[in-house]
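>>> Got a sequence here, can you model it:
(chains A and B, ligands or ions: 3)
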Amino acid sequence: MADYETPKLLADVPVVVVPNIKPGAMSHSSPYVAKPDHNIPLGFPGELVENWQEAAIAKMGDILQKYRSIQVYLDSCVKCGACTDKCHYFLGTADPKNMPVARQDLLRKVYRRYYTFAGKYFPKLVGATDLTKEVLDDWYSYYHQCSECRRCSVYCPYGIDTAEISMAAREILDSIGYGQKYCNEIIAKVHKIGNNLGLPGPALEATLEDLEDDIKTETGVDVKLPLNQEGADILLITPSADFFAEPHIDGLIGYAKVFHAAGLSWTMSSYASEAANFSMFIGSYDNMKKQAERIRKAALELGVKRIMVGECGHAWRAAYSFWNTLAGVGHGAAEDDKYARMLQKQLDSSYPVPQHICESTYDLIQQGAIKLDKSANDHRRVTFHDSCNVARASRMGNMPGGQFIIPREVIKAACNNFFDMAPETIHEGTFCCGGGGGLLTDDLMEVRVKGALPRMQALKYVVDEHKVDTLAAICAICKTQFAKVLPYYDFPMHMILSVHQLVGDAVILGSND
Amino acid sequence: MSFLTVTYAVLFYAATAILIGGLAYKISVYARTPAPLKIPTTPAPTTTSGVVMRMGREVIFFESLFKSSKWTWLFGWMFHISLALVLIRHLRYFTEPVWFWVSWLQPFGKYAGFFMVLGLLGLWSRRVLVDRVRYISAPSDHLILALLVGIGITGLSMKFVAHTDIVSLKAFILGLMYFDWQPLPADFNLLLHLLLVAVLMIIFPVSKLLHAPGVFFSPTRNQVDNPRETRHLAPWAAPLDSSSAE
Ligand code: HEM
Ligand code: SF4
Ligand code: SF4
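Ligands and ions are numbered 1, 2, ... in the order given. Okay, here's the model as predicted:
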């Protein structure tokens, strides 16, 4: 299957050239289809239902009534073309169906056919089409070439968010038993065991003990990684990749060192051992809620006062933007909202809930509660990748844009050599790593490699210009994706690090002993 | 009353009813449909007044479009701002006496028609010349531009080439408004202009022109970024809570 070429990087420019369109260039790309074992635990039909056409159209009608975004976005696009060159998958593949508006049109043309006057009576005129098997397969292919990164939404004059459209399309596909294996298999594991890896409590406990030993050997200090500790102040929810994957695990060690140095009381939970919420990727409110309620339940049982989230992009979106809605994990529930109040009255209102680990570390640095020795990172020249969901779908701190400032301030407090990538490739305009939104699977390797192109181009520029050798990120998916695709572009795989690895290497331990 | 006058009178009543009824229906659908999750595109304002400012910048200056494509912004903004001036200028056919601020804007409105057509031609050329925009264009996208250019050119030719009988036209329009029909001048240019305008009014609520009300309802632009401070819950989602609250 590896009969594709890695795109070539250009010299001396931070941004790629917009390609001419190549229709059909990626029409062969499509992930493995979910099997009954993956679908049934999520409440979806096991396999493609017989009356799929009718069922899909009915589901679309249902979504149109439940989501204002979909209703407004399907009507409002004027085909101005402003978004056409904004998607990294288009820039990397040149397939016109990877232009955000064209991706939306796959759904819109069916919406128009069945739900609008113009499409019912003048389909050719407005480009409306019947929902055929061919169209359905196009949906399956191209709605799995969108990482739901929202870059298009920044640039659309109406804020049309193709991520919303892709989520709706995947929800329709799931409702007729035509979902994607990667996401659904993982969600089923969370429902059953509590994390994406399917790592059961005892194994998690053993892993954490091993890590404590490692830290002790390395630093001589007894840094703890507590699990299921009732009465702790802080419940840390982190992506399960932090428990085993490289470079993630060094980030987890970094959080532990910070908590230790600051003398904070904290714990993790084996029941809620996953910050990621892949149900968001498939647009399933019910499953998303079910996942979020694990955090609620763990927080209630452990009696914590604060809830903190580790480094993960879409998880931070789910936590920051959705947990309050889904499970009352936040503040400010109405007087008569018993469900949310039950948890909220237990939480400390002087801290934001949920709080990002970077927000907490930043505050600790500001307060002088931890001290960092920047010279520990003097052998590194660092740049930072803004993860899409943090940049465009959430916030840190109390002012808009805090999500750009806080991680950078944390990095700068931990190292002397920091260089940002070009302005049009960071902050709200950041380019996705290429592996988000449920695409982080080997069966989508081609689209992942090609979709990484704009980020790799921006990276090359700072590598050439400033001899950058370290790419720091705060997202488990970004870290895994970069570790995989960096070598395709002739960068060393180990360039990618957790922000809290930088912090962990610099933080002065024992100040608290 | 001539057959022509009756036809146009009926046409305009019908077009107005479709425009207003259609828009009211669509707006009520948008208003009724909940946005269950907080999805503002961030960085987003953290207060309602901040959101009003953000929306204002989008609607008046096309802020996001400015970020994404300078040419589209230039032509698009030129077209819309001119269209707004032209529409305001047209109010003098509907008001007696003419409102003072309408007459005050007349000198600006006079040449706006040219810029409107220029902007439209700029947008149209992008639609034809840029391969990406050509790919996403349906016949209706070209036809709407043709319709607007047609309206602009027939209008301009009445202003600058062959004047029409404005006094009788105004009498016709006021007659429509007060149900006291007056004859419509039988001038080819005018009839074509009015016909195209009626078509525009009719297609408005069933076409992409819905972007005009749509932008105000876009959750990525009109939501306040405060999900941690207040619990946001859609009516259809609320009952899901109680079922799992022990
Ligand atoms: C709240 C009022 C409105 C806003 C904020 C708005 C905004 C926009 C924006 C940002 C665009 C994309 C850029 C462009 O192609 O120009 C656009 C396109 C367009 N607008 Fe509007 N608009 C409004 C009202 C109207 C009205 C009243 C009409 C017509 C009667 C109209 C006709 C069009 C057309 C035809 C296009 C597509 C141009 C093309 O084909 O490229 N708009 N609008
Ligand atoms: S920028 Fe928005 S309105 Fe313009 S083509 Fe893209 S989705 Fe449609
Ligand atoms: S959300 Fe991101 S991946 Fe999806 S179409 Fe928009 S820019 Fe492309």
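
>>> what comes up buried for stretch B:85-95?
B:85, B:86, B:88, B:89, B:92 (16 or more other C-beta atoms under 10 Å in any protein chain shown). C-beta coordinates here come from the backbone N, C-alpha and C atoms, glycine included.

>>> now the third one, what's its secondary structure?
Secondary structure of residue B:88, reduced to three states by DSSP: H, G, I helix; E, B strand; the rest coil: helix.

>>> Next up, the contacts around it.
B:102, B:105, B:109 (C-beta atoms under 8 Å, 6 or more residues apart in numbering or on different chains).

>>> Figure out the helix or strand that the last one lives in.
Okay, so that is residue B:109. Assessed by DSSP states H and E, residue B:109 sits inside helix B:100-129.

>>> Once you drop chain neighbours, what's closest to the residue in the stretch 401-513 of chain A that ligand 3 sits nearest to?
Closest to ligand 3 within the stretch 401-513 of chain A is residue A:432: 6.0 Å, counting by C-beta to the nearest ligand atom. The shortest distance from residue A:432 to any non-neighbouring residue, by C-beta to C-beta, 6 or more residues apart in numbering or on different chains, is to residue A:149 (3.9 Å).

>>> for chain B, which spans come out with low pLDDT?
Chain B contains residues with pLDDT under 70 at B:243-246.

>>> quick one: buried residues of the helix holding residue B:109?
Buried residues in helix B:100-129, counted by 16+ other C-beta under 10 Å: B:102, B:105, B:109, B:112-113, B:115-117, B:119-120, B:122-124, B:126-127.

>>> Can you show me the helices along chain B?
Along chain B, counting by DSSP state H, helices occupy B:3-32, B:48-56, B:63-68, B:70-90, B:100-129, B:131-136, B:139-160, B:166-177, B:188-203, B:211-217, B:219-222, B:238-244.

>>> Ok, which of the ones you listed comes nearest residue A:283?
helix B:219-222 (14.4 Å; C-beta to C-beta).

>>> is that closest one anywhere near ligand 2?
No - residues of helix B:219-222 are not located near ligand 2 by C-beta under 6 Å from any ligand atom, the shortest gap being 10.8 Å.

>>> so what does that helix touch, helix or strand wise?
Contacts defined by 3 or more C-beta pairs under 8 Å, 6 or more residues apart in numbering or on different chains; DSSP states H and E place helix B:219-222 against helix A:68-76, helix B:48-56.

>>> Single out the most deeply packed of the helices of chain B.
helix B:219-222 (a mean of 24; mean count of other C-beta atoms under 10 Å in any protein chain shown).

>>> can I get the CA coordinates of that helix in PDB?
C-alpha atoms of helix B:219-222 as PDB (Å, rounded to 0.1, in the frame of the first residue of the first chain):
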ATOM      1  CA  PRO B 219     -22.600  29.200  17.100                       C
ATOM      2  CA  THR B 220     -18.900  29.400  16.300                       C
ATOM      3  CA  ARG B 221     -19.300  33.200  16.200                       C
ATOM      4  CA  ASN B 222     -22.100  34.100  18.500                       C
END
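
>>> is ligand 3 contacted by that helix?
No - Helix B:219-222 stays clear of ligand 3 (C-beta under 6 Å from any ligand atom), getting no nearer than 11.4 Å.

>>> still on that earlier bit, for residue A:424, which of the helices and strands packed on helix B:219-222 is the nearest?
Across those, closest to residue A:424 is helix B:48-56 (C-beta to C-beta), at 21.0 Å.

>>> quick revisit: give me the angle between the helix holding residue B:109 and helix B:70-90.
150 degrees (axes from the mean of the first three to the mean of the last three C-alpha atoms, to 10 degrees).
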